[in-house]
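K.L.:
Dropping a prediction and its sequence here:
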Amino acid sequence: MPLSDATALEPAPADAASPAAPDDAAVRVRGLVKRYDGRAVVDGLELAARPGAVTAVLGPNGAGKTTTIECCEGLRSPDAGTVRVLGLDPVADARRLRPRVGVMLQDGGLPTGVRALELLRHVSAMYAAPRPVDELAERLGLHAFARTTVRRLSGGQRQRVALAAAVVGRPEVVFLDEPSAGMDPQSRRAVWDLVRELRADGVAIVLTTHLMDEAADLADHVHVVDHGRVIASGTVRELTDGVGSGHPAGTRTVRVEATPGLDLDGLRAAPATGRDTRDTAWTAAEPEPGVYLLTGPVDAAALAAVTAWLAEHGVLARSVTTGGARTLEDVFLDLTGRNLR
Ligand SMILES: Nc1ncnc2c1ncn2[C@@H]1O[C@H](COP(=O)(O)OP(=O)(O)OP(=O)(O)O)[C@@H](O)[C@H]1O
């Protein structure tokens, strides 16, 4: 999706530009530029994150995500542009922001000689009204390695301690740089549940991730970053629902898993059976044996017609699901290319 489409998906920031209008974004980045050795690794980046929402920043390795997040955290100073977190400047107003912002760095950023639970207790003591440490430790399974020093923790365990430390102070804004990288599926679920709970409590959550399922499941808004700029922006549904894909808007997919070798022409005609819509609105493919993708204007009647066709042909499908015309990963690869960075 070209930038012009991305801009169309992003709510117009015009009112926020006026000094009189309050900005409802908890995080607002405008025209951010950050250079290393004369090279702009962040190059005019625009980003907004709202309270009570998960904002995901996706992009290939080296795209500038961590640098952007670090500018928001006040760990780096922009070379140009503005960054506002809760209306404040993360560098100049660092002391005022510290109690209101939670940060989970990509490398953990934790002191290594301290025991895990001791560290969390120490961090919680810095806040006026922290979350109960034992409850948080229980939720993230920290008790199993409570007395192990951070140095000796596994990568996933260290990530869990870093997340606990980021949220223990009941922050209004949380920055999570690849929060579930290296975590086992159980830990990842615990992290996702915690993130959803923070969102329900009105926290603005900004996360970077390389896991497309994480972004698709969690994010209310996605910014795709490449070469230091946002190249597409919108909800997951907006990004995957045919916009910029060559399909008409509203195009979706019925995915059927069943026995291989079904009659593709028959299946393609099935959704339009007995209806005014023409079957030419549909395409059918069997991208791998026994997996069928029917792409077209999916609605309840079309889905019923597909299952009726399967029944007529004595086929008991293992699964029938509907979704966007493309996955978030398809969109990501289309936008950023398939070459390694
Ligand atoms: N301190 C630094 N000095 C020089 N170059 C740097 C520095 N920090 C980052 N870079 C470079 O800036 C670019 C952007 O890095 P950044 O860490 O922001 O990318 P990213 O999108 O977070 O990547 P990843 O997905 O791999 O974490 C990279 O090319 C990186 O090598």
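P.N.:
Arrived safely, thanks for sending.
K.L.:
contacts, neighbours, all on C-alpha from now
P.N.:
Noted.
K.L.:
Just the C-alpha atoms of the helix or strand Leu335 falls within, please, in CSV.
P.N.:
Following DSSP states H and E, one finds Leu335 within helix 328-336. The C-alpha atoms that make up helix 328-336 are tabulated as CSV, following Å, rounded to 0.1, in the frame of the first residue of the first chain:
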residue,chain,number,x,y,z
LEU,A,328,-1.1,-9.6,7.8
GLU,A,329,2.0,-11.4,6.8
ASP,A,330,1.0,-11.3,3.1
VAL,A,331,0.5,-7.5,3.4
PHE,A,332,3.8,-7.1,5.2
LEU,A,333,5.7,-9.0,2.6
ASP,A,334,3.9,-7.1,-0.2
LEU,A,335,4.9,-3.8,1.4
THR,A,336,8.4,-4.5,2.4
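K.L.:
Could you give the separation of it from the chain centroid?
P.N.:
Remark: helix 328-336 is offset 13 Å from the chain centroid, using Cα atoms, centre = their mean, to the nearest Å.
K.L.:
so what does that helix touch, helix or strand wise?
P.N.:
The helices and strands touching helix 328-336, judged by 3 or more Cα pairs under 8 Å, 6 or more residues apart in numbering; DSSP states H and E, are helix 212-218, helix 236-240.
K.L.:
Give me the pLDDT for Ala200.
P.N.:
On pLDDT, Ala200 comes in at 97.
K.L.:
Who's the closest spatial neighbour of it, skipping the chain neighbours?
P.N.:
Of all residues not flanking Ala200 in the chain, Gly52 sits nearest, at 6.1 Å (Cα to Cα, 6 or more residues apart in numbering).
K.L.:
Then His223?
P.N.:
Using Cα to Cα, 6+ apart, the closest residue to His223 is Ser233 (4.5 Å).
K.L.:
pLDDT score for that neighbour?
P.N.:
Each residue has a pLDDT score; the one for Ser233 is 93.
K.L.:
Sticking with it, tell me its helix or strand.
P.N.:
Using DSSP H and E, Ser233 falls in strand 229-234.
K.L.:
export that strand as PDB, just CAs?
P.N.:
Output in PDB follows, covering the C-alpha atoms of strand 229-234 (Å, rounded to 0.1, in the frame of the first residue of the first chain):
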ATOM      1  CA  ARG A 229       9.100   5.800   7.600                       C
ATOM      2  CA  VAL A 230       5.600   4.600   8.100                       C
ATOM      3  CA  ILE A 231       4.600   3.100   4.800                       C
ATOM      4  CA  ALA A 232       1.200   1.800   5.800                       C
ATOM      5  CA  SER A 233      -1.100   2.300   8.700                       C
ATOM      6  CA  GLY A 234      -4.500   1.200   9.800                       C
END
